[in-house]
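Undergrad: model the following, please.
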Amino acid sequence: MRLKFTALLLALTLMACAKTVRPGALDVADSRAFDALGTAMVTIEALKQECPSGPTSPCPQSKKDAINHIIDAYNVTRQVWLDYRALRLAGKPADAPQLGAAVSKVVMAVAEYRRLIK
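TA: Predicted coordinates for the structure are as follows:
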């Protein structure tokens with residue numbers, strides 16, 4: 001499972017740094033955010049399988065808290081991304097650095113979890 005998680009972390013990092021724009025993306029920032037969110041969602045689903053929630057879960061609370069931190073970062077990033085897209089599609093200025101910072105928080109949350117489980 002650790003190998004799978006490491007591969008997902010690497011994919012998340014690489015996708016966040018990609019320079020190519022996906023078809024249908026509005027720009028590079030939109031494309032990077034889409035890729036990072038997709039990879040983060042796969043990571044979250046894998047972690048939920050590995051460490052189910054609930055009072056009878058065998059996972060320590062610190063691990064559950066770290067997973068919840070990843071989910072919170074994902075939710076914030078997704079909302080920033082949706083707002084960014086809405087502004088861009090409306091022809092209004094959008095804050096690409098804010099979107100990049102949100103994407104970085106997801107990547108960092110996953111990296112923090114990785115350090116926790118070592």
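Undergrad: which residue ranges of this structure form helices?
TA: Secondary structure of the chain (DSSP state H): helices located at 2-17, 28-50, 61-89, 96-117.
Undergrad: could the ones you listed be laid out in JSON lines, adding mean pLDDT?
TA: As requested, the helices of the chain are arranged in JSON lines below (pLDDT from 0 to 100):
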{"stretch": "helix 2-17", "mean pLDDT": "54"}
{"stretch": "helix 28-50", "mean pLDDT": "90"}
{"stretch": "helix 61-89", "mean pLDDT": "94"}
{"stretch": "helix 96-117", "mean pLDDT": "90"}
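Undergrad: any idea how many residues pack against residue 106?
TA: Using other Cβ atoms under 10 Å as the criterion, residue 106 is surrounded by 28 other residues. Glycine gets a C-beta too; all of them are placed from N, C-alpha and C.
Undergrad: also the one 10 residues further on?
TA: By other Cβ under 10 Å, the residues close to residue 116 number 14.
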